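K.L.:
Any chance you could fold what I've pasted below:
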Amino acid sequence: MEKIRCSWCGTDPLYVKYHDEEWGVPVRDDKMLFEFLTLETFQAGLSWITVLRKRENFRKAFDNFDYKKVAKYDDDKIADLMQDAGIIRNGAKIKAAVTNALAFMEVQKEFGSFSKYIWGFVNGEQIVNPMPNHKNVPATTPLSDEISKDLKKRGFKFVGSTVVYAHMQATGMVDDHIDACFKKTKS
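P.N.:
Take a look at the predicted model:
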C-alpha cells in the first residue's frame, strides 16, 4: 500500500525525500537550526524547491553552515558569493546570512544555545496542528509574528513572520502534516 503524503511535495524525488525525512521533524541542533534559518531567508519570495535544489551548493558556499565562519565573511567573500551561480545571488540575503550568524551567536551567549531560545517560544514542545488538508495551513500565526519581532529586535534580517513560520514547520516546532499523512505526529 502506498504511503499517504502531504500533497505539496508532489512526486519530485527531492521534495518527497525532504517531506519524508526532514519537514516537521524536531530539530534541536544549533548548526541545523542555522542551516534552516539561512535557507529560509534565501527562500523568501521564491519556492522552497528552488532552494532545495541548490542546498548542496549552499552548503559548499557557506562553509557547511558553520555560523562562526559565516559571521567572519568580509566584503571579498560576499563578492565571491555573488559570483557563485550555484546559489541564489541576492546581495541583501547574502549579507543577511552574515548578520544573522553574528546575531545567532549573541543569542547563544544569552540563552546557552539558539535551540533553547527558539524552542522556548513553544515551551520545548512541538505544536501539532489538526490539518484536514493543506488549504488550512496558515502562512503566519500570532506566534510566528511574536518570534519574528523578537528576532528582528535581536538584529536578525529577512525574518518576517512568513519566513519564521516556514522555519517553524521545517524544524518541527509545528507539525502541519495533513492528518492522513504517514508523517503526522500521532497523539
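K.L.:
who touches the longest helix along the chain?
P.N.:
The longest helix of the chain (DSSP state H) is helix 91-111. Residues outside helix 91-111 that contact it (C-beta atoms under 8 Å, 6 or more residues apart in numbering): 30, 34, 37-38, 41-42, 44, 62, 67-68, 70-71, 73, 78, 81-82, 114, 117, 120, 151, 154-159. Where C-beta positions appear, they are placed from N, C-alpha and C, glycine not excepted.
K.L.:
Mark which of those residues are buried, thanks.
P.N.:
Neighbour-count burial within the contacts of helix 91-111 applies to 30, 34, 37-38, 41-42, 44, 62, 67, 70-71, 73, 81, 114, 117, 151, 156-159; the criterion is 16 or more other C-beta atoms under 10 Å.
K.L.:
Please flag which of those residues sit within helices.
P.N.:
If you go by DSSP H, the buried ones among the contacts of helix 91-111 have 30, 34, 37, 38, 41, 42, 67, 70, 81, 114, 117, 151 in helices.
K.L.:
show me the contacts for the nearest residue to the fifth one once chain neighbours are set aside.
P.N.:
Here the nearest residue to residue 41 in space, its sequence neighbours aside, is residue 158; by C-beta to C-beta, 6 or more residues apart in numbering that works out to 3.9 Å. Going by C-beta under 8 Å, 6+ apart, residue 158 touches 41, 44, 92, 93, 96, 100.
K.L.:
Give me the distance between residue 158 and residue 127.
P.N.:
Separation of residue 158 from residue 127 (C-beta to C-beta, to the nearest Å) stands at 23 Å.
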